[in-house]
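[1] return atomic coordinates for the entry below.
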Amino acid sequence: MTKLTRIFSVFLILGLIQGCASFKSEEAEPKRYNEPRFTEQQPIELKVNKINIVSEFTPSFTRPNVEHLFPISIEKTAKLWAKDRLEAVDYASDKQADFIIRDASVTEEVEKAEQFLYKDRVKYRATLNVILKISDPKKSTNAETEIEAWRELIIPIDTDIAEKEKYWDGMVQKLFEEFNRQMENNIHQYLNMYVANNQVIQEYN
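    The predicted structure follows:
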């Protein structure tokens, strides 16, 4: 009887240890953030045979640049935007579109408190600079539009990393809401001759 009791006790202790380990791993798991997608919106059909997505942005991994710390990559989201929102529909054409990411950076700046007992703050500025260029080799002509969208965020300097990531995620989401709106408007305004089934009639002064 004594031997059986000891074996049962060992099993019970092992079960408790495994249960605690499982609970801790769930609590410690960081929140996952995903890049926003735009597949629910109607693609913009371009009368080109190919769309090239190119990034000329190179992160420095050195402050004041901190885009590498963000849970969502602005550069990657810009590439996903082009894949979701732009579609080549004229395969017989020689024209092609280049979606060029010039800037996808985030900078960090500490703002010292001007009053006693007030906390220092940190200001983040996210910038997205993109050019959409359409080339027609037969006519040796190019047409392009450029967008520079930005957002700023100011938070207390002692904000913990979990809260920072929530703020950063919201910042990037808002940045791309603005970029999506501006780029779509610019395409219909400046590149409307290359948009298939274009319902927007652009008037020029």
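[2] okay, and the beta partners of the nearest residue to residue 55 once chain neighbours are set aside?
    Using CB to CB, 6 or more residues apart in numbering and skipping residues adjacent in sequence, the residue nearest residue 55 is residue 101, 4.3 Å away. C-beta coordinates here come from the backbone N, C-alpha and C atoms, glycine included. As for beta bridges, residue 101 partners with residue 55, residue 130 under DSSP bridges.
[3] longest helix in the chain, by residue count?
    Longest helix in the chain, counting residues (DSSP state H): helix 161-190.
[4] what comes up buried for it?
    Counting neighbours by 16 or more other CB atoms under 10 Å, one finds that the buried residues in helix 161-190 are 164-165, 168-169, 171-172, 175-176, 179-180, 182-184, 186-188, 190.
[5] just the pLDDT at the residue nearest to residue 55, thanks.
    Residue 101 carries a pLDDT score of 98 in this model.
[6] tell me how many other residues surround it.
    Neighbours of residue 101 under the rule other CB atoms under 10 Å: 21.
[7] switch to numbering from 20
    Got it, the first residue is 20 from now on, which makes the last one we talked about residue 120.
[8] now the nearest residue to residue 209 once chain neighbours are set aside: how far from residue 152?
    Nearest residue to residue 209 in three dimensions, chain neighbours excluded: residue 164, at 4.4 Å (CB to CB, 6+ apart). Distance, residue 164 to residue 152, using CB to CB, to the nearest Å: 8 Å.
[9] ok, now residue 51?
    Residue 51 is 35 Å from residue 152, by CB to CB.
[10] residue 65 now?
    With CB to CB as the criterion, residue 65 and residue 152 are 11 Å apart.
[11] likewise for residue 85?
    In terms of CB to CB, residue 85 sits 30 Å off from residue 152.
[12] equivalent analysis for residue 159, please.
    14 Å.
[13] these two: who's more crowded?
    Higher neighbour count among residue 159 and residue 152: residue 152, with 17 against 7, using other CB under 10 Å.
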